[in-house]
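Peer 1: Here is a sequence with its predicted model. Questions after.
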Amino acid sequence: MPAPNAITPKQLLRLIGTPQAPVLIDICLDPDFEADPFLIPGSVRHPAMDIDGIADRIGNRTAVIICQKGKKLSQGVVSWVRSKGCEAEFLEGGMYGWRDMADAPRVPASAVPSQEDGRSVWVTRHRPKIDRIACPWLIRRFVDPDAQFLFVAPSEVEATAKAFDATPFDIEDTFWSHRGDRCTFDAMLDEFQLHTPALDRLATVIRAADTNRHDLSPEAAGLLAISVGLSRQYRDDHQNLEAGLHLYDALYRWARDGFGEHHDWPTDRKS
């Protein structure tokens, strides 16, 4: 049973990747982080002694504070921000507890582009449908919850990236793009080290729909149809993205918990 104001690594793992995920704040001391420069998916680094900054980052959301061992540093910060009215818990066992849990992914900090304000900025072609919605979903849910996405004309992606110090993605001849027969979503799973059974299952559906190889996954045709429909429904790419995030939230829960479920009618039909 976790201590008061604590959450276990297993409990946190079930929340990561879902809209219900708390704000994850990594307050590991710099020497400890430099010795093991990995992040729990979706977490952000913040100085432990900047209590007001941590409280501002939490706002009216829930949060989990992460230190190296889940002891004095995170427990002290949690108590302090709770005294300011924030809803926060500490991760039981800290980063050590997460690291020692089987199948718990960790994102290499070096793979995450960032700007001075601490959030990443990405740019791609306008009128997104599959990969260009799936990748922002992955980044927002598992890498950088505050990431900003820019959608511009294909001819302007490179110049926009330079002007806004943004990272181009799903564009030919860039790092974050298709590699062989795999799409940009696959490349991001590789670079962010996010290969889990659920995300790999989801990646197959995305790859099949995005590269017109529906034989790889029976769900691909449905994803393509819905993606095209969303792109026709929303003229504004950011509205399309927000709607698409809900779509991929549902697909992720299917890939994690519901992929074995089937339906038939009538309900009493005998196989």
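Peer 2: Sure thing, it's come through. Numbers count the residues shown, from 1 in each chain.

Peer 1: list the contacts for Val228?
Peer 2: Val228 is in contact with Lys129, counting by CB atoms under 8 Å, 6 or more residues apart in numbering. In short, each C-beta sits where N, CA and C put it, glycine included.

Peer 1: Quick check on it: phi, psi?
Peer 2: Dihedral pair for Val228: phi -60, psi -40, per degrees, to the nearest 10.

Peer 1: In PDB, could you pull the C-alpha coordinates for the helix ranked longest in the chain?
Peer 2: Longest helix in the chain, counting residues (DSSP state H): helix 237-253. C-alpha atoms of helix 237-253 as PDB (Å, rounded to 0.1, in the frame of the first residue of the first chain):
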ATOM      1  CA  ASP A 237      -5.200  22.100 -38.900                       C
ATOM      2  CA  HIS A 238      -5.100  22.800 -35.200                       C
ATOM      3  CA  GLN A 239      -8.700  21.900 -34.800                       C
ATOM      4  CA  ASN A 240      -8.100  18.800 -36.800                       C
ATOM      5  CA  LEU A 241      -5.200  17.900 -34.500                       C
ATOM      6  CA  GLU A 242      -7.300  18.400 -31.300                       C
ATOM      7  CA  ALA A 243     -10.000  16.100 -32.700                       C
ATOM      8  CA  GLY A 244      -7.300  13.600 -33.800                       C
ATOM      9  CA  LEU A 245      -5.800  13.500 -30.300                       C
ATOM     10  CA  HIS A 246      -9.100  12.000 -29.100                       C
ATOM     11  CA  LEU A 247      -9.100   9.500 -31.900                       C
ATOM     12  CA  TYR A 248      -5.600   8.300 -31.000                       C
ATOM     13  CA  ASP A 249      -6.500   8.200 -27.300                       C
ATOM     14  CA  ALA A 250      -9.200   5.700 -28.200                       C
ATOM     15  CA  LEU A 251      -6.900   3.700 -30.500                       C
ATOM     16  CA  TYR A 252      -4.200   3.500 -27.800                       C
ATOM     17  CA  ARG A 253      -6.700   2.200 -25.200                       C
END
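
Peer 1: for the record, mean pLDDT for it?
Peer 2: Across helix 237-253, pLDDT averages out at 98.

Peer 1: Next: stretch 91-105.
Peer 2: 95.

Peer 1: Contacts made by that stretch with the rest, please.
Peer 2: Against stretch 91-105 from outside (CB under 8 Å, 6+ apart): 2-3, 6-10, 12-13, 26, 28, 32, 36, 38, 40-41, 64-71, 74, 106, 142, 193-196.

Peer 1: Show the buried residues in the residues you listed.
Peer 2: 6-9, 12-13, 26, 28, 32, 38, 40-41, 64-70, 74, 106, 142, 194, 196 (16 or more other CB atoms under 10 Å).

Peer 1: in the stretch 1-150 of the chain, which ranges drop under the pLDDT threshold?
Peer 2: Residues of the stretch 1-150 of the chain meeting the criterion pLDDT under 70: 1-2, 116.

Peer 1: For stretch 154-162, give me every contacting residue.
Peer 2: Contacts for stretch 154-162 (CB under 8 Å, 6+ apart): 123-126, 150, 152, 166-168, 171.

Peer 1: Of those, which is the nearest to Arg201?
Peer 2: Thr124 (24.2 Å; CB to CB).

Peer 1: Compute the number of surrounding residues for Glu34.
Peer 2: Look at Glu34: counted by other CB atoms under 10 Å, it has 10 neighbours.

Peer 1: Let me see the contact set for the closest residue to Thr204 other than its chain neighbours.
Peer 2: Residue nearest to Thr204 in three dimensions, not counting chain neighbours: Ser217, with 5.1 Å by CB to CB, 6 or more residues apart in numbering. Neighbouring residues of Ser217 by CB under 8 Å, 6+ apart: 204-205, 207-209.

Peer 1: Which stretches in the stretch 1-150 of the chain count as helices?
Peer 2: 9-15, 30-35, 51-58, 72-83, 94-99, 131-142 (DSSP state H, counting those that start in this stretch).

Peer 1: Nothing else from me, thank you.
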